[in-house]
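>>> Have a look at this fold, sequence not included:
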Ligand code: MV4
């Protein structure tokens with residue numbers, strides 16, 4: 001078993017990993033930038049070292065500095081979290097060569113999955129259904145025209161070095177194709193240093209559904225069911241849930257089996273996600289995310305499996321602690337990403353000082369956060385404040401519980417996207433489970449819904465701005481909760 005882990009990340013995910021370390025009797029080492037000196041994760045760790053100035057390129061992305069600090073502190077493994085160096089094959093290789101265990105797949109697998117054309121080709125070989133399209137890079141217009149005519153318009157051109165939606169171009173007809181090909185190649189070159197692009201049939205409003213996978217060094221691979229992440233804006237997921245309302249047990253078993261088999265096929269070690277588009281009852285492979293994901297807690301809530309602990313076991317050459325037949329999905333979980341951004345002003349980031357903070361609790365609630373009262377959210381990184389995750393016996397109970405928890409959640413001093421989440425939890429189509437990747441742009445009343453909700457809460461604002469008067473704050477929470485009840489959304493089940 002590894003004995004000491006350096007966490008090459010910040011915020012809530014750094015704390016998430018350290019919590020697993022503590023439960024397993026493993027020592028934790030934090031590295032923090034000058035902007036994160038007062039961050040909770042730097043205090044929570046057993047040891048913490050400053051790694052450099054605020055910009056990520058000078059700190060969290062500095063491979064040599066991370067490796068040096070791991071060696072100096074005597075860490076025998078590095079957990080990269082998500083983002084930053086998590087899927088960087090060069091970093092994984094530097095760990096491999098420095099005799100430090102990288103908690104994640106091998107540099108070979110990271111390279112294979114990081115190139116989207118290669119990943120697509122591997123998945124075709126493994127028998128995974130993919131979106132109709134090319135299995136090669138497309139360099140010439142003639143090639144693009146032939147494939148587009150074969151699969152039919154609209155098509156989408158994607159950079160092979162990309163992922164997560166960056167730099168994609170939708171093409172409606174042949175007239176637009178030449179220009180789109182050229183501009184996507186140019187963008188791919190400047191953004192990823194690789195002009196390779198590929199073409200797929202464009203699906204118009206699919207659901208985004210992904211399978212959680214675990215593979216160990218003994219050749220075992222299992223799936224923990226799916227998550228639906230259709231509620232996103234500009235490729236930033238905002239709400240995720242498990243299971244998906246669109247997936248039947250039979251579909252889950254079939255697709256999960258295919259995904260786990262593909263993980264074995266490539267020799268996948270660690271936790272990972274296989275992303276699919278789901279349209280007209282069919283799954284189409286998109287890409288593999290070779291890391292722990294932000295939304296992993298919804299899977300933990302319904303399966304009871306601690307995914308980070310499994311990652312650490314796998315890195316220690318231990319077998320998975322659970323067999324496929326033992327995986328049970330129980331109830332429904334939903335996650336809302338609570339961000340420091342203004343939902344009424346095009347979701348602009350709103351970093352700054354949290355003057356008062358009260359997070360929800362009670363049955364079925366989990367809050368993963370890295371903040372506290374009087375903490376200042378720095379402007380240098382992504383503006384996530386916390387993740388609010390709820391569990392319910394069914395989807396309706398989970399939604400009611402999320403609504404209740406959002407009304408308990410009080411953040412004074414900076415604007416957050418809590419009003420957005422409140423509006424979605426009352427949206428009729430969300431409640432029916434009618435989701436798609438264009439949900440937010442299609443639901444044109446969300447902005448008005450948010451405004452109405454905030455107007456209703458106005459009378460409470462004065463109470464909430466007395467952050468040090470506990471009684472007034474609690475009275476305000478109770479009053480807000482009462483308003484929710486009055487709206488009559490909660491109908492007791494017969
Ligand atoms: C697609 C697609 C439709 N058809 N691929 C976005 C995230 C990335 N992992 C893949 N993405 C998409 N891939 C096919 N064949 C729709 C999306 C997509 C999207 C694409 C461009 C602009 C906005 C989008 C929003 C959601 C999903």
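Good, I have the coordinates. Keep in mind that this is a model prediction, so the values were computed, not measured.
>>> From now on I want contacts and neighbour counts done on CA atoms only, so please keep to that.
OK.
>>> and residue 402, what element?
Per DSSP states H and E, residue 402 falls inside helix 395-408.
>>> need the next SSE after that helix, C-terminal direction.
Remark: after helix 395-408, the chain's next helix or strand is strand 410-412, criterion DSSP H and E.
>>> tell me the strands in the stretch 1-150 of the chain, going along the chain?
With strands called from DSSP state E, counting those that start in this stretch, the stretch 1-150 of the chain shows them at 4-7, 27-33, 47-52, 77-79, 101-102.
>>> Nearest to the ligand among the ones you listed would be which one?
Comparing those against the ligand with Cα to the nearest ligand atom, the closest turns out to be strand 77-79 (23.7 Å).
>>> Show me what that closest one is packed against.
strand 4-7, strand 101-102 (3 or more Cα pairs under 8 Å, 6 or more residues apart in numbering; DSSP states H and E).
>>> Run the chain-centre distance for the first one.
Centre-to-centre, strand 4-7 and its host chain are 22 Å apart (Cα atoms, centre = their mean, to the nearest Å).
>>> Now do it, average pLDDT.
For strand 4-7, mean pLDDT is 98.
>>> again, but for the last one
Per-residue pLDDT over strand 101-102 has a mean of 98.
>>> Give me the helices and strands touching it, please.
Secondary elements touching strand 101-102 (3+ Cα pairs under 8 Å, 6+ apart): strand 77-79, helix 89-97.
>>> In the stretch 1-150 of the chain, which residue sits nearest the ligand?
Here the stretch 1-150 of the chain gets closest to the ligand at one residue, residue 131, 5.8 Å apart by Cα to the nearest ligand atom.
>>> Give me the number of neighbouring residues for that residue.
The criterion is other Cα atoms under 10 Å. On that basis, residue 131 has 18 neighbouring residues.
>>> do the same with residue 248
11.
>>> likewise residue 57?
A count of nearby residues for residue 57, using other Cα under 10 Å, gives 12.
>>> And residue 142, by the same measure?
For residue 142, which is what you asked about, the neighbour count (other Cα under 10 Å) is 11.
>>> Give me the pLDDT for it.
Turning to residue 142, the model gives it a pLDDT of 96.
>>> So which residues on the stretch 151-300 of the chain come close to the ligand?
For the stretch 151-300 of the chain, the contact set with the ligand under Cα under 6 Å from any ligand atom comprises 156, 163, 164, 165, 168, 200, 201, 202, 203, 204, 235.
>>> quick one, what contacts the second one?
It refers to residue 163. By Cα atoms under 8 Å, 6 or more residues apart in numbering, the residues touching residue 163 are 116, 287.
>>> Just say helix, strand or coil for it.
Taking DSSP: H, G, I helix; E, B strand; the rest coil as the rule, one finds residue 163 in the coil state.
>>> What about it? Give its phi and psi, please.
In this entry, residue 163 is assigned phi and psi values of phi 120, psi 160 (degrees, to the nearest 10).
>>> what distance separates stretch 92-100 from the centre of its chain?
Between the mean C-alpha location of stretch 92-100 and the chain-wide mean there is a distance of 26 Å, by Cα atoms, centre = their mean.
>>> Just the buried positions in it, please.
With burial defined by 16 or more other Cα atoms under 10 Å, the residues of stretch 92-100 counted as buried are 92, 93, 94, 95, 100.
>>> Just put those residues in TSV and tack on distance to the ligand.
Putting the buried residues of stretch 92-100 into TSV (distance: Cα to the nearest ligand atom, whole Å) gives the following:
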residue	distance to the ligand
92	23
93	25
94	27
95	28
100	31
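>>> Most neighbours of all the residues of the stretch 151-300 of the chain next to the ligand, which one?
Looking at those with neighbours defined as other Cα under 10 Å, the largest count falls to residue 200 at 23 neighbours.
>>> tell me which element that one falls in.
With the criterion set as DSSP H and E, the secondary-structure element containing residue 200 is strand 197-201.
>>> which residues are contacting that strand?
117, 131-139, 144, 147-148, 151-160, 184-185, 188.
>>> And for stretch 410-428?
The list of residues contacting stretch 410-428 from outside it, by Cα under 8 Å, 6+ apart, reads 336, 338-343, 347, 350-359, 399, 402-403, 406-407, 430-431, 446-447, 449-450, 453-454, 464-465, 467, 489.
>>> and the residues you listed, which are buried?
Listed as buried from the contacts of stretch 410-428 are 336, 338-343, 347, 350-359, 399, 402-403, 406-407, 430, 446-447, 449-450, 464, 467; burial here means 16+ other Cα under 10 Å.
>>> hang on, isn't residue 107 packed against residue 89?
Yes. Applying Cα atoms under 8 Å, one finds residue 107 in contact with residue 89, separated by 4.6 Å.
>>> got the residues of the stretch 1-150 of the chain near the ligand?
Listed as neighbours of the ligand in the stretch 1-150 of the chain under the rule Cα under 6 Å from any ligand atom: residue 131.
>>> Try it again at 8 Å.
131, 132 (Cα under 8 Å from any ligand atom).
>>> where do the helices sit along the stretch 1-150 of the chain?
For the stretch 1-150 of the chain, applying DSSP state H, counting those that start in this stretch gives helices covering 11-24, 40-44, 63-73, 89-97, 107-114, 116-125, 141-151.
>>> could these go into CSV alongside distance to residue 381?
Rendered in CSV, the data for these read as follows (distance: least, Cα to Cα, whole Å):
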stretch, distance to residue 381
helix 11-24, 10
helix 40-44, 15
helix 63-73, 18
helix 89-97, 20
helix 107-114, 23
helix 116-125, 26
helix 141-151, 38
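>>> Kindly indicate whether the nearest residue to residue 333 once chain neighbours are set aside is helix, strand or coil.
Here the nearest residue to residue 333 in space, its sequence neighbours aside, is residue 391; by Cα to Cα, 6 or more residues apart in numbering that works out to 4.3 Å. In the three-state summary, residue 391 is assigned as strand, counting by three-state DSSP.
>>> show me the residues around residue 391 that make contact.
Residues in contact with residue 391, defined by Cα under 8 Å, 6+ apart, are 301, 302, 331, 332, 333, 334, 364, 365, 398, 401.
>>> Please apply the same query to residue 10.
Listed by Cα under 8 Å, 6+ apart, the contact set of residue 10 reads 31, 32, 41.
>>> Report the spatially nearest residue to whichever residue of the stretch 301-450 of the chain sits closest to the ligand, omitting neighbours in sequence.
Per Cα to the nearest ligand atom, residue 437 is where the stretch 301-450 of the chain lies closest to the ligand, at 4.8 Å. Sequence neighbours aside, residue 230 is the residue nearest to residue 437 in space, at 4.6 Å (criterion: Cα to Cα, 6+ apart).
>>> circling back: out of the contacts of stretch 410-428, who's near the ligand?
The subset of the contacts of stretch 410-428 within reach of the ligand, counting by Cα under 8 Å from any ligand atom, is empty.
>>> and those, which of them are in strands?
Using DSSP state E, the subset of the contacts of stretch 410-428 located in strands is 336, 338, 339, 341, 342, 352, 353, 356, 357, 358.
>>> Quick check, pLDDT for the last one.
Reported pLDDT at residue 358 in the predicted model: 90.
>>> Not counting its neighbours along the chain, what's nearest it?
In space, residue 358 comes closest to residue 410 once its chain neighbours are excluded; the distance is 5.0 Å by Cα to Cα, 6+ apart.
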